[in-house]
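In: Predicted model and sequence follow; I will ask about them next.
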Amino acid sequence: MSELNNVNILEALLFACGEPVEIERIAEVMELDESVVIALSETLGEKYDENKSGMKLLRLDNKLQLCTRPDYFDYARKLLELKRNSPLSQAAFEVLAVVAYNQPVTKSFIEQVRGVDCSGVIYSLCEKGLIEDKGRLELPGRPLVYGTTDSFLRCFSMRSLSELPELPKEEEQKEETQTEV
C-alpha cells in the first residue's frame with residue numbers, strides 16, 4: 001500500500017472512533033510497525049495544518065485523536081448546544097430504557113438487545129447528561145458500564161428508579177405477539 005493510502009486509512013480509523021485510540025492498536029489493525037503509524041500520523045497532522053483544516057490531529061501520549069481545530073471551537077460548541085436541547089429520538093428512548101431497567105450495562109449489552117450499533121446514541125445521551133459511565137467491568141478489555149443520572153430522574157419526574165413502570169410479563173408479551181399475527 002502507498003503511504004497516501006495508509007494516511008487515508010489512519011484518518012478513517014481515527015474519524016470512526018471519535019475518541020483517543022492507542023497507537024499500538026492502530027498498528028495492529030493496519031498491520032504496520034508503531035513507528036510507521038507515528039510517521040503516518042505526523043504526515044496527517046501536517047496535511048491538516050497546511051490546509052488549515054477544521055480538524056486537528058492530537059497525539060496524547062501513546063494515543064491519537066482527531067479533534068476540532070481551536071479556531072472553530074465556538075462553532076462546534078454552538079452545534080453541540082443545539083443538539084443538547086433537541087428532542088430524543090426513538091433510538092435514544094430505546095437505549096435509555098435498556099440502561100434504566102438493566103443498569104449498569106455495557107455498550108455491547110445495549111447493542112445486543114437493540115441489534116444495532118449504539119455508539120452515537122450513547123454519546124448523545126451522555127452529552128445530554130441522561131446517562132454516564134459508571135466505571136469499568138473487571139473483564140477482558142475492561143468495558144465501560146453505563147447508568148442513568150440524576151438528570152434522567154429529573155427529566156422523567158421520578159424520585160428513584162423504583163418508580164419506573166413494570167415491564168410486561170413474558171406471558172403478556174407472548175399473548176400480544178400472537179394477537180398481532
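Out: Looks like it came in fine.
In: Just want the most central residue of this protein.
Out: Ser119 (3.8 Å; Cα atoms, centre = their mean).
In: pretty sure that one contacts Lys107?
Out: Yes. Using Cβ atoms under 8 Å, Ser119 and Lys107 qualify as a contacting pair, with a distance of 7.0 Å. Bear in mind the C-beta positions are built from the backbone N, C-alpha and C, glycine included.
In: Which residue, neighbours along the chain excluded, lies closest to Leu60?
Out: Nearest non-adjacent residue to Leu60, counting by Cβ to Cβ, 6 or more residues apart in numbering: Pro20, 5.3 Å away.
In: Need phi/psi at that neighbour.
Out: phi -60, psi 140 (degrees, to the nearest 10).
In: Was I right to think Gly45 contacts Lys56?
Out: Yes. Taking contacts as Cβ under 8 Å, Gly45 lies within contact range of Lys56: 7.5 Å.
In: Which helix or strand contains Ala39?
Out: helix 34-50 (DSSP states H and E).
In: Identify each buried residue in the helix or strand just after that helix, please.
Out: With elements assigned by DSSP H and E, the helix or strand that comes after helix 34-50 is strand 55-60. Within strand 55-60, the residues that count as buried by 16 or more other Cβ atoms under 10 Å are Met55, Lys56, Leu57.
In: Stretch 27-37 too?
Out: Ala27, Met30, Leu32, Val37.
In: Which members of those residues are positioned in helices?
Out: Counting by DSSP state H, the part of these found in helices is Ala27, Met30, Val37.
In: Nearest to Ala16 among those residues?
Out: Among those, Met30 lies closest to Ala16 (Cβ to Cβ), at 13.2 Å.
In: so the nearest residue to the closest one once chain neighbours are set aside, which of the three states?
Out: Spatial nearest neighbour of Met30, chain neighbours left out: Ile9 (6.1 Å); criterion: Cβ to Cβ, 6+ apart. Using DSSP: H, G, I helix; E, B strand; the rest coil, the structure places Ile9 in helix.
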